[in-house]
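Q: Generate coordinates for the sequence data below:
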Amino acid sequence: MSYNYSGEEIIQIAIGEEEDAITFYKAAMEMEQPSHVKDVFHFLLHEEEKHLNILEKEILPLFKQTDFQWENEHEISSYLCATGKSEIFTSGVKGEDFVKANQDPKKVIEFAIGLEKKAIEFYKKVEIASSGTGKEAIKRIVEEEATHIHKLNELRKKLV
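A: Below is the predicted model:
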């Protein structure tokens, strides 16, 4: 069955995924690990909280205005239908469950890199289909997610 997501529903999905990312990084911070690893997870936790705030305060209100239009809502809707709205970032594996099952910081970092890459893929779709203020806010999130991958790669190199 095909479902067409409204712009507001798409942003609500993004909000839910950011909440999942926050839960993941909180769980990662609770692992037994060197302090520099915990510091990176702590930084990323706050970054995801910032993204959540941007989505809730800057982007979601745009979709509650009657004059907001997606440039290509069908493309995002098709993407969500193909990936499954609850599996955008985690491919069905909850981040906190992964951390509980894999207490090795290296494995958690690899998982986090995968999450960040999926987040970028999703947000780029949203960015392409957005316009105006929404496009700029999403672009900021995409750029920040890319810096997260860089930080995680640097951390991974330190642990090898």
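Q: pLDDT on the strand or helix carrying residue 157, on average?
A: Using DSSP states H and E, residue 157 falls within helix 132-159. In this model, helix 132-159 has a mean pLDDT of 86.
Q: Show the secondary-structure elements that that helix is packed against.
A: Here helix 132-159 touches helix 35-54, helix 60-64, helix 105-129, going by 3 or more C-beta pairs under 8 Å, 6 or more residues apart in numbering; DSSP states H and E. Where C-beta positions appear, they are placed from N, C-alpha and C, glycine not excepted.
Q: right, so of these, which gets closest to residue 137?
A: helix 35-54 (5.6 Å; C-beta to C-beta).
Q: what residues does stretch 149-156 touch?
A: For stretch 149-156, contacts defined as C-beta atoms under 8 Å, 6 or more residues apart in numbering pick out 36-37, 40, 43-44, 106, 109-110, 112-113, 116-117, 120.
Q: buried ones in that stretch?
A: The neighbour-count check on stretch 149-156 (16 or more other C-beta atoms under 10 Å) flags 149, 151-152, 155-156 as buried.
Q: how deep is residue 127 tucked in, by neighbour count?
A: Neighbours of residue 127 under the rule other C-beta atoms under 10 Å: 20.
Q: typo on my end, it should be residue 140
A: Neighbour number of residue 140 under other C-beta under 10 Å is 16.
Q: Tell me the spacing between it and residue 47.
A: 11 Å (C-beta to C-beta, to the nearest Å).
Q: returning to what we had before: out of the helices and strands packed on helix 132-159, which gets the lowest mean score?
A: helix 60-64 - the lowest mean pLDDT of the helices and strands packed on helix 132-159, at a mean of 75.
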